[in-house]
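J.: sharing a model that was predicted from the sequence below.
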Amino acid sequence: MIKAKESNNHKEWCEAVSQDLQQIAVLHDREASEELISALREVKFPYNLGFSIASEKSTDSDQFLLAQQFMRDALQGLPKQIDQQTLDTLAVDYADIYLNHSLHASPFESVWLDEDHLIQQEPMFKIRNWYKRYGLASSDWRVRSDDHLVLQLQFIAWLIEPESLSSEAIPLQNRLKDAAKFMDEHLLLWLADFSNLVAQRCETEFYASAVVLTHAYIDQLRDVLAEVSGQARPTAEESAEIKLKASQTVVEEPVSFMPGVAESW
């Protein structure tokens with residue numbers, strides 16, 4: 001399995017993982033540019049990520065290694081000098097996945113969990129309550145609603161970051177447990193389906209590898225958080241029950257922590 005890098009400083013590992021998640025979120029945030037591709041190549045992405053493989057081989061670690069190799073090969077397969085045709089192809093693929101949804105694989109959680117497959121449904125409001133709990137909010141939910149893949153990745157990164165604004169009010173260990181719970185209740189309920197469909201239907205290896213890597217990383221991070229935070233991962237039966245309840249309307253609870261004006265991404 002994948003585990004935290006060996007370090008005497010738990011804080012360093014959390015910082016590395018938070019940075020990983022922010023890097024991964026960028027892949028889904030906007031269409032790939034020449035600058036982004038050059039930057040990814042320069043840092044030898046995705047082998048610069050803050051996870052390392054344990055010595056014991058397992059199916060899970062093999063999947064993560066394959067995802068890394070897929071992403072590396074996709075980057076190497078692009079022209080050394082990125083031309084306009086390549087950028088146009090990537091832009092069309094990005095639009096098909098994230099903007100016009102022509103692949104029928106939405107980056108919004110509501111579409112996956114709502115029985116009518118509509119955007120901005122109950123899952124979005126439940127995620128919004130998670131953000132409110134930490135004094136956060138989407139910068140413009142009408143453009144990119146709270147349940148978007150990018151915002152969920154950024155939120156998990158924010159929870160794990162040792163020096164986030166809530167670091168004094170809410171201990172890191174509590175935030176690690178919340179990160180695990182948030183993943184169980186939201187991102188992990190639909191990310192595998194999203195990744196599989198995009199990888200099958202998109203036109204470029206760049207975006208196919210991006211979604212495969214994202215799912216492999218999140219899946220392995222959750223396993224590590226079970227050890228680091230003590231928040232056990234749900235069984236398959238428990239996950240099915242969580243998914244069944246995901247779209248059910250609940251009474252909104254009062255915000256327990258709101259430090260001044262809400263921070264946004």
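T.: Right, received. Where do you want to start? Residues are numbered from 1 along each chain as shown.
J.: now the strands for this structure?
T.: Remark: strands assigned in the chain by DSSP state E are 2-4, 51-53, 136-137, 263-264.
J.: quick one, what contacts the residue nearest to Ala226 when sequence neighbours are not counted?
T.: Distance criterion C-beta to C-beta, 6 or more residues apart in numbering; nearest residue to Ala226, sequence neighbours excluded, is Arg233 at 4.8 Å. Every residue, glycine included, has its C-beta placed from N, CA and C. By C-beta atoms under 8 Å, 6 or more residues apart in numbering, the residues touching Arg233 are Ala180, Asp184, Arg222, Asp223, Ala226.
J.: which phi and psi does the nearest residue to the second one once chain neighbours are set aside have?
T.: Spatial nearest neighbour of Asp184, excluding adjacent residues (C-beta to C-beta, 6+ apart): Pro234 at 5.4 Å. Dihedral angles of Pro234 (phi, psi; degrees, to the nearest 10) stand at phi -60, psi 150.
J.: pretty sure Pro234 contacts Ile242?
T.: Yes: contact status for Pro234 versus Ile242: in contact at 6.4 Å, counting by C-beta atoms under 8 Å.
J.: shared neighbours, those two?
T.: Asp184.
J.: and these two? which has more neighbours close in?
T.: Between Pro234 and Ile242, counted using other C-beta atoms under 10 Å, Pro234 has the larger neighbour count: 18 against 15.
J.: do you know how far that one is from Ile37?
T.: In this structure, Pro234 and Ile37 are separated by 37 Å, where distance is defined by C-beta to C-beta, to the nearest Å.
J.: for Ser239, same thing?
T.: For Ser239, the distance to Ile37 (C-beta to C-beta) stands at 36 Å.
J.: over to Cys202?
T.: As for Cys202, its distance to Ile37 is 17 Å (criterion: C-beta to C-beta).
J.: and Ser247, how close does it get to Asp147?
T.: The separation that Ser247 has from Asp147, given C-beta to C-beta, amounts to 11 Å.
J.: hmm, Cys14 is touching Leu159, no?
T.: No: with contact defined as C-beta under 8 Å, Cys14 does not count as touching Leu159 (9.5 Å).
J.: now stretch 220-232, how far from the chain's geometric center?
T.: How far stretch 220-232 lies from its chain's middle: 16 Å, per C-alpha atoms, centre = their mean, to the nearest Å.
J.: ok, and for it, which residues are buried?
T.: Taking 16 or more other C-beta atoms under 10 Å as the basis for neighbour counts, the residues of stretch 220-232 that come out buried are Gln220, Leu221, Arg222, Asp223, Val224, Leu225, Val228, Ser229, Gln231.
J.: do you know how far the last one is from Arg175?
T.: In this case it means Gln231. Counting by C-beta to C-beta, the gap between Gln231 and Arg175 amounts to 11 Å.
J.: now swap in the third one and tell me
T.: Applying C-beta to C-beta, the value for Arg222 to Arg175 is 15 Å.
J.: what do you get for the fourth one?
T.: Per C-beta to C-beta, Asp223 is found 18 Å from Arg175.
J.: before we move on, back to that, show me the two of the contacts of Arg233 that sit farthest apart.
T.: Asp184 and Asp223 (12.0 Å; C-beta to C-beta).
J.: what sits against Leu189?
T.: Glu109, Trp112, Leu113, Ser239, Ile242, Lys243, Ala246.
J.: widest-spaced pair of those?
T.: Glu109 and Ser239 (14.7 Å).
J.: give me the more crowded residue out of these two.
T.: Between Glu109 and Ser239, Glu109 has the larger neighbour count (other C-beta under 10 Å), namely 30 against 15.
J.: ok, for that one, nearest residue in space, not its chain neighbours?
T.: Leaving aside its chain neighbours, Glu109 sits nearest to Asp147 (3.8 Å; criterion: C-beta to C-beta, 6+ apart).
J.: burial count for the one you found?
T.: 30.
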